[in-house]
Every structure is written in structure tokens, then in C-alpha cells.
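1. just need the structure, nothing else, for what follows:
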Amino acid sequence: MANRERSRSNSPQNCVKLHVKNLPLACTQEYLAQAFRQFGKVMDIKIIRKGSNGQPLRDCVYGFVGLENWETANKAMQTLNANGWIINFSRETLQKKPIPPSRDQAKHLQPSEKSFHYNSHNTNLMLSNVARIHPTHPIDHIMLLNFLNKQHPSASNISGVPEHMKKCYMVREVWVGNIAPTTDKRTIYDGFKNFGEVEAIETFSLKGFAFIKYRKVVEATRAYELGDETLIDGRIVKVAFADPSRRFDIVGDSSISEDPNFKPIDDENIKNIFLGHPSKPPSIIPSTPPSLPPSVKVSVVNNPISKSEPNHSLPTAKAEPSTSLGTVVWSGFMTRSKNYRVGIDATLVQGNDDCFPSTLYHVNISHRVQLSEITKFYILALVILESSNETQQEIFDGYLKYFSEKQRAGYITMKTSTLYICPPIDEAKRLYPEIKDSQLLGVFVDTQRKPEKQKDPHLEEIMNLLKNPEAIKHFNTLKQYLK
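-> Sure thing, here's the model as predicted:
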């Protein structure tokens, strides 16, 4: 035991440690180094081969891997867990994680003007999408007011924001991603209650995200600024502003009077319901619309969950019957480095939709390969990838340009398959001719199976002919004649 304690004390103090479980008995430090090196600098590796009683572990061993920062460690943990590993932050690392401010402290923390600007920019950008007949047309303010009157009746009711931003639309709801499937509302509430009075929580734990609606815009903005990378059930969650074009009554402060006896969480009946009062708030719409600030380039990833309806514009390839063909089967993030993180929607066009695990939050491109590599394996499914909304389009276009210029496909290791991200070039169009130049093609393959050999129709016709006795008789007659 003394040797183990000395060994641990020599570990780098500033690294972020991951606890890696269920490793094979023959596992080596080099094996772990090779697995984690792709995500960043590996600071320390230890493999524990003895139990607390000093006896060798019989079934499996476990280890600790130290990485240089939280971002690298979280990326490694999420990517490898999606491939069947069992990895968590070590107890030592969790104790080092900064503690969120208490409720009394948070009440006095005013969000930065930058965070208010992100809220305003995201909200106005999403609202402008529903206020245009065509993306190239100017904003129709009458259409915008009609939408707000129906979907966001308290849009103009706003307080606590900088004076020069009171005429801008802002939301009081945040999107929280990377939620564990077993996480309930109580846990989410406890993690975000200090940022303000929670009005509603809606959970989609199986899909890995939730929505938290506060009573005030300033509280949601505070949660966005301080709640990002909060630890919930051992996972580092991501926080973004919700999309008002797809949510109800989230623009502006709540117009419902506060009830001091209201309990936002009912432990005996935790359901996906609004946690506020059921009465409908009064309609409050300004006579003139607040100003929409000009579009500004914002380097922040907003809510990627944007499409849930079928995409009928995409033709489907011939494949096994599936009720999901032509529909968006997955929404999440795709990354190839920390500076290139994009929200995407995946529309199924061939195969089945079970290639994306239900708990998968994002996929990471580890390296590039030639597109010819895809033809070596059995194809399971094809998906069309598009940006989740307009805020992601510029980064998505960068992916299109990058892979098209490289003439290469991105390589993503999944739990039971491999996903190739292909640019819309000739080799990809042979796999799916209907792909557009503004889309990426995702190809799921089984690397353990070889592709089925396509039969030569002429050879098959000859073989069928030779099976006919009359054809053989005529063939023998012709053979004698030629002699």
C-alpha cells in the first residue's frame, strides 16, 4: 500500500485524471498511451493490478490516465465511451472542479455584456428565420409580430439587461447538452437552481439534452455564462441559448406573478411538464417591433437541435425497408478540433437508423482517409449531413471546403461501426448520386464484413441458359456443325 501511495504522489498535480475501468489483464501503459494520445498530451498513466487486499486482480484491471486539461479529458472520455470503454473522471479530479456559486452569490453576479449580446444575436437570428418568406427576402415585421403574439406573448417584458439592449429580443431558456440517460429533473434542477428562479424543466435524457426555463432573461443569461461545463451526474454539460423558433413562450421575462409556495420539483411525479402556473399569460406585444441588430459573426455554438420533421426534399436510395428514411434521425455536434465544432442534422437515406446510439451527443473526426477505403467494407447505412441551423452554416461550409480540397473523407470510430464523412465529390456521388454540393455524405460501414460482390448480369444469363437442356442440345449440334 505504501508503494501505491508513493506512486500516486508522483503524478503531475495539474493534470485531469480519468478513471478507466474493465481493462484486460494484459493491458499495458503503451496501449493506453496510444488510445489517448490522439486527443492531446498524455501527462501520466498508471495501471492498478492489485486490489485493496494486495492480491492480484483476476478478471480485469483498471487504470488512471492524466491529460493536460478538462476539454481534452472530456473529449477523450466521450469519444471512447461511445466506442465501448468505461471511463469517468477520477474522484481526485472531481474534487478539483470549481464549485458553482451559491444562490446568494449568483444573485449579485451580473452577466457580461458579451453574454447578453450572444443571447440577443442568437434570438434575433432564429426569429428572423420565421419572419422571412424566403431566406433572401427582408424581414416581414407583420409576420414576426404575428408569430410572437402566438408563440411568445411576453416578448417585450424584459428587465435587468443593459439599457441599450432593452429593445432587443432575448430568451429566458437554455439548452443543456450531454445529459446522461439516467439523469432526472431533480439532479438537473439542483445543478442550475443557483442561477435564478426555475420556471420549467423539460428533459430528453435518452437523447442527451434538456431545456431549463427561468423566470427572467438575466437568469438564463447567467446560467449560460456560469453553467457551461457544470458537472451533472459525472458529466460536463454544455449550455447554449434555446431556439425561440421551435420553443413556446421563452422570449422575454415571465409575465406570470410569482408564487412563494410554488415547488418547481415534485419528486413523486417528475414529468416533462411546465413547472409554472397553468394559466395563460396575457398577450403583450409592442406597437412597433424592437430593433433587430445586424448579423454579427459570433464564434459560439448554439442549440444544435433544430429539425424533427421529415425532410421530404431528400430522395431515398434503394435499401432495406425503414420507416425513418427521409427523416432526421440524429442531431448533435461534429468536431475535428476544438476550433471546428459544428451542429449538424443527419437525414437517413439508406439502411436503418440504429447506427447512431441514442445516448450519443457528438462525434469526433480523428483523421482523414482516402474515399476508396470505404469500398473495402460492407455499407450499413447512408445519411445526408447538413448544418442544424443558420448559426452553424459558416462552420459547416468550412467542413465542405476542407474535405473537398483534400479529396479525403473524415474517419469516425463508433461503438459497433465506422462512420466516414465524405465531401460531395465524384467518388461520394457513386455511393449516393443525389447528394448536393451543399451537403456531406455519412457512410456507416462494418469493418468486419467485406462488401457483397455484385453479380455480372451477362454471366448470370449464360449460367441460366446452360441449365436449360434444350439449350445444351442446340449447343452440341452447333459444335458438331462447326467441326
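
2. distance of Ala26 from Met463?
-> Relative to Met463, Ala26 is positioned 50 Å away (CB to CB, to the nearest Å). For glycine as for every other residue, the C-beta is placed from the backbone atoms N, C-alpha and C.

3. over to Pro357?
-> Taking CB to CB, one finds Pro357 at 43 Å from Met463.

4. higher neighbour count, these two?
-> Taking other CB atoms under 10 Å, Pro357 and Met463 do not tie; Pro357 has more neighbours (14 against 11).

5. residues in contact with the more buried one?
-> Going by CB atoms under 8 Å, 6 or more residues apart in numbering, Pro357 touches 82, 414-415.

6. and these, which is the shakiest by pLDDT?
-> Lowest pLDDT within the contacts of Pro357 is found at Lys415 (76).

7. wait, doesn't that one sit right on Leu80?
-> No - using CB atoms under 8 Å, Lys415 makes no contact with Leu80, being 9.9 Å away.

8. compare the two (neighbour count), which wins?
-> Each of Lys415 and Leu80 has its neighbours counted (other CB under 10 Å); Leu80 has more, 22 against 13.

9. OK, contacts around the more buried one?
-> Leu80 sits next to 35, 87 when contact means CB under 8 Å, 6+ apart.

10. alpha carbons only: can I get the helix or strand hosting it in CSV?
-> Assigned by DSSP states H and E, Leu80 falls within helix 70-81. Provided in CSV are the C-alpha atoms of helix 70-81 (Å, rounded to 0.1, in the frame of the first residue of the first chain):
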residue,chain,number,x,y,z
TRP,A,70,-10.6,19.5,-18.9
GLU,A,71,-11.5,20.0,-22.5
THR,A,72,-9.1,17.2,-23.7
ALA,A,73,-10.1,14.8,-21.0
ASN,A,74,-13.9,15.3,-21.6
LYS,A,75,-13.4,14.8,-25.4
ALA,A,76,-11.4,11.6,-24.8
MET,A,77,-14.0,10.3,-22.3
GLN,A,78,-17.0,11.0,-24.6
THR,A,79,-15.4,9.6,-27.7
LEU,A,80,-14.0,6.4,-26.1
ASN,A,81,-17.2,5.7,-24.1
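
11. mind listing what's buried in that helix?
-> 70, 72-81 (16 or more other CB atoms under 10 Å).

12. ditto for stretch 206-226
-> Buried-residue list, stretch 206-226, by 16+ other CB under 10 Å: 207-226.

13. and if you look at stretch 388-399?
-> So for stretch 388-399, counting by 16+ other CB under 10 Å, buried means 388-389, 391-392, 395-396, 399.

14. closest one of those to Gln151?
-> Asn389 (16.8 Å; CB to CB).

15. isn't the closest one up against Gly343?
-> Yes - with contact defined as CB under 8 Å, Asn389 reaches Gly343; the gap is 6.9 Å.

16. state the distance from the most centrally placed residue in the chain to Lys150.
-> Centroid-nearest residue in the chain, with CA atoms, centre = their mean: Gly332, separated by 2.3 Å. Distance, Gly332 to Lys150, by CB to CB: 29 Å.

17. hmm, back to that, any chance of the buried residues of stretch 388-399 in a markdown table, plus distance to Leu57 and secondary structure?
-> Listed next are these as a markdown table, based on distance: CB to CB, whole Å; DSSP: H, G, I helix; E, B strand; the rest coil:
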| residue | distance to Leu57 | secondary structure |
| --- | --- | --- |
| Ser388 | 44 | coil |
| Asn389 | 49 | coil |
| Thr391 | 49 | helix |
| Gln392 | 46 | helix |
| Ile395 | 45 | helix |
| Phe396 | 46 | helix |
| Tyr399 | 44 | helix |
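
18. what sits against Ala210?
-> Ala210 touches 175-176, 179, 183, 188, 201-204, counting by CB under 8 Å, 6+ apart.

19. tell me what it is bridged to.
-> Val176, Thr203 (DSSP bridges).
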